[in-house]
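Colleague: Structure for this input, please:
(2 chains)
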Amino acid sequence: MIELEGIHRHFQVGDQLVRALDDVSLRIDGGEYVSIMGPSGSGKSTLLNVIGLLDRPTGGRYVLDGRETTSLDDDELAGVRAHKIGFIFQSFHLVPRLTAFENVELPMVLAGQLPAERRRRTEAVLGSLSLTDRAHHRPDQLSGGQRQRVAIARAMVMRPTVLLADEPTGNLDHASGAEVLDALELLNDGGITLLVVTHDDEVAARSSRHIRMRDGRVVEDVHGRGAG
Amino acid sequence: MRAPDLLRLAAASLFRAPLRSAMMLLAMAIGVAAVVVLTSLGEGARRYVTGEFRALGTDLLIVLPGRSETTGVQPGLFAGETPRDLTLDDARALLRIPDIERIAPLVVGSAPVSSAGRSREVPIIGTNSEFLAVRNLSMGQGAFLPSGDIDRDQAVCVIGSKVRSELFPERPAVGASVRIGDRRFRVIGVLGDSGRAVGLDLQELVIIPVGSAQQVFDTESLFRILVQARDEDAMPRVRTAVLAAIKDRHQGEEDVTVITQDAVLATFERIFTALTLTLAGIASISLAVAGILIMNVMLVAVSERRHEIGLLKALGATTAQILSVFIAEASVLSTIGGVTGLVVGGAAVEMFTRIYPTFPASTPTWAVIASLVTSVVVGVFFGVVPARRAARLDPVLALAGR
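Modeller: Got it, this is the predicted structure:
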């Protein structure tokens, strides 16, 4: 469960104060499927980064699964990221020299898990995303949709409770995009909390809760499939 | 993160930019190879010189005119007098000392040597028949100087093999006559190529009786006297006796210096060890340069891999993990470079000793260990700055590629 209370994220750019997030309060329950929309610079990516603990809010309280995060130090935040949060990026961010298998394995390598355990879980998650026959291809040998599914596998392999996707279909054609969304929604059906930042109304329409942002504020928060 | 995984990740990163990694590796390898080669040459020079001296025998005393003081003012200088010359009479006096096996007086100079229109300037040694045994020389043809009273002025000479081939390219040398300065000498022997004489090329040498040499160079004084003791145990006694005998003959003035091979050896050991260390120091500058290059290239790599660093952070990598990934890369690189350098340097030394088999070049063990350790330390040290930069990157900015 994600609880944001009066979250501010201010940047100093030159002599100007930019309020990327301006008093945002949100409560997202476990297993929700939330889309976040808004024009460029509305703060939706910053919101995602704050929820993903990549960015620290300059003010407010953020409680993740009952744990206050604003007082944690960098290494503790890294630990929470490793075990509770999965990221999906518009440009995939696969490590080019590593195979699909090795990319998926990476979070477990960082967590210091043993090779046998890593192999078992990597194979399982690749299988669940129909990527078994692509396991030993490098990213440049994969299609865009396959790359994003490898990225989803990597985000899932640590069994996080929250999946954060920033424009997951932004670099994909329609068919691949639909494939990726299907995969994400399947995970959501399994109980994971899914947050998708998007420009695309069609993508947003598939979610069950629609948040719209403008100038660092939440201006619309509607529950119900098909709204927005 | 487990150590094998860390190394695997580092190796994978290095393979991603093979040319760049190869350049860094090369820089490190050159640095280490330079240390190996230069210290080997220094060590070789040390061994060569000490070997030459040792070959002269440890039972040898060298008497030279003038008193050399390591501290204080020369007494002779103070009194305003020059040291007395060593003469043949001094040498003859030494013969009376017990425990002395042989004595070879030396007069050294240079004079034109000619025969049948061919002429060249050659170092001349005036000595006696004992010189052959004292210096472990061998004869190629003919005989050495005849034995007898040391001041016998006989017009005979022994020539080096190169002098022979230059003056007598077609005819037999033994029995022929040569002109040295303005006197004629009969060639009675040609030196073999074995045996040693520090600072003198045996092949390019003419040896004549000491009395003749004094005539040729118009001098009464000796360059030095070589004294061979009966055995090594007798050395201290002989030394004291030599000094006493000379002092007795020089109106109570101890105006000669007696040096032993051991003292000379120790001095050369010190000099050449210092030389080797100096060479190692110079060579290690290239190691530092290699380190700076590694740092530079790693800094470039950090800015090129911002996305990856941001990703690792998003995946839950701690600051320490990012640090260790980059330091591991630098150390893997410098270690491989160091080992390559050792191999290349070792091969170069090996090749050198094949080309110059008489030069005992040899890589000191301390140089191998030191250069390997230095290369790893340099890699880690210069890897720290880029690694810290990577670890400090803001993951949001890094992922956004801004």
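
Colleague: burial measure for A:His223, as a count.
Modeller: 11 (other CB atoms under 10 Å in any protein chain shown). For every residue, glycine as well, the C-beta is placed using N, CA and C.

Colleague: Apologies, that question was intended for B:Ala390.
Modeller: 26.

Colleague: so how far is the helix or strand containing B:Ala391 from its chain's centroid?
Modeller: Taking DSSP states H and E as the criterion, B:Ala391 maps to helix B:365-392. Centre-to-centre, helix B:365-392 and its host chain are 31 Å apart (CA atoms, centre = their mean, to the nearest Å).

Colleague: Check what pLDDT B:Gly109 gets.
Modeller: pLDDT recorded at B:Gly109 is 90.

Colleague: contacting residues around it?
Modeller: Listed by CB atoms under 8 Å, 6 or more residues apart in numbering or on different chains, the contact partners of B:Gly109 are B:Pro123, B:Ile124, B:Gly126, B:Ala213, B:Val216, B:Phe217.

Colleague: Output the set of residues of chain A in proximity to chain B.
Modeller: A:49, A:52, A:54-55, A:74-75, A:78-83, A:87, A:89, A:93, A:95-98, A:102, A:106-107, A:109-112, A:114, A:154, A:158 (CB under 8 Å from any CB of the partner chain).

Colleague: Quick one: the helices in the stretch 51-200 of chain B, in order.
Modeller: B:75-79, B:88-94, B:131-134, B:161-167 (DSSP state H, counting those that start in this stretch).

Colleague: With mean pLDDT, mean neighbour count and distance to A:His136 as added columns, please give those in TSV.
Modeller: Below are those laid out as TSV (pLDDT from 0 to 100; neighbours: other CB atoms under 10 Å in any protein chain shown; distance: least, CB to CB, whole Å):
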stretch	mean pLDDT	mean neighbour count	distance to A:His136
helix B:75-79	47	12	87
helix B:88-94	87	18	89
helix B:131-134	85	20	78
helix B:161-167	88	19	71
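
Colleague: Output the ones you listed as CSV; include the columns distance to chain A.
Modeller: Below are the helices of the stretch 51-200 of chain B laid out as CSV (distance: least, CB to the nearest CB, whole Å):
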stretch, distance to chain A
helix B:75-79, 76
helix B:88-94, 81
helix B:131-134, 72
helix B:161-167, 64
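
Colleague: wait, doesn't A:Val180 sit right on A:Val150?
Modeller: No - in this structure, A:Val180 is not within contact of A:Val150 by CB atoms under 8 Å, at 10.8 Å.

Colleague: neighbours of A:Ser130, just the number please.
Modeller: 12.

Colleague: Would you check how far apart it and chain B are?
Modeller: 23 Å (CB to the nearest CB, to the nearest Å).

Colleague: OK, contacts around that residue?
Modeller: A:Arg149.

Colleague: Is it in a helix, a strand, or coil?
Modeller: Per DSSP: H, G, I helix; E, B strand; the rest coil, the secondary structure class of A:Ser130 is coil.

Colleague: Against A:Leu54, how distant is it?
Modeller: Distance from A:Ser130 to A:Leu54, counting by CB to CB, to the nearest Å: 29 Å.

Colleague: again, but for B:Gln214
Modeller: 96 Å.

Colleague: got any ranges where the stretch 51-200 of chain B has weak pLDDT?
Modeller: The model of the stretch 51-200 of chain B has pLDDT under 70 over residues B:55-57, B:68-83, B:150-152, B:194-200.

Colleague: Closest residue of it to chain A?
Modeller: Closest residue of the stretch 51-200 of chain B to chain A, CB to the nearest CB: B:Gly51 (53.8 Å).

Colleague: That residue: neighbouring residues, count only.
Modeller: Neighbour number of B:Gly51 under other CB under 10 Å is 13.

Colleague: got a list of what the residue of chain A found nearest chain B touches?
Modeller: Of all residues in chain A, the one sitting closest to chain B is A:Ala82 (2.4 Å; CB to the nearest CB). Counting by CB under 8 Å, 6+ apart, A:Ala82 touches A:Pro107, A:Leu110, A:Ala111, A:Met158, B:Leu315, B:Gly316, B:Ala317.
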